[in-house]
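A.B. asks: coordinates only, sequence not included:
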């Protein structure tokens, strides 16, 4: 269910910082940014971003671009994802 929720347009609309955030088709889409944040790792930020994009067969982006995309997310997205994960495991 969480995967479906991450890709849901209503979820995206509720959890982006501005109406303009994540509207253009870019390498760092809403779902990709969320997944990269959730994939916490011990590697450097640039290595994590490059590894994920290489696995997707897409040109990598800079760590700065990823950080800027993170600012477009509202923290409530993670609260809702956590609640959804708890409900589905019960």
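C.D. replies: Arrived safely, thanks for sending. All values reported here derive from a predicted model rather than from experimental measurement.
A.B. asks: look up how far residue 12 lies from the closest residue to residue 66 other than its chain neighbours.
C.D. replies: Nearest residue to residue 66, sequence neighbours excluded (CB to CB, 6 or more residues apart in numbering): residue 49, at 5.1 Å. The way it works is simple: take the backbone N, C-alpha and C, and place the C-beta from them, glycine included. Distance of residue 49 to residue 12, given as CB to CB, to the nearest Å: 20 Å.
A.B. asks: ok so, going back, quick one: mean pLDDT for whichever strand or helix holds the residue nearest to residue 66?
C.D. replies: Element membership for residue 49 (DSSP states H and E) is helix 45-56. Averaging pLDDT along helix 45-56 yields 85.
A.B. asks: need the contact partners of the one helix or strand residue 10 maps to.
C.D. replies: In this assignment (DSSP H and E), residue 10 forms part of helix 9-14. For helix 9-14, the external contacting residues (CB atoms under 8 Å, 6 or more residues apart in numbering) are 5, 22, 30, 31, 74, 76, 77, 80.
A.B. asks: heading C-terminal from that helix, find the next helix or strand.
C.D. replies: Heading C-terminal from helix 9-14 (DSSP H and E), you reach helix 30-38.
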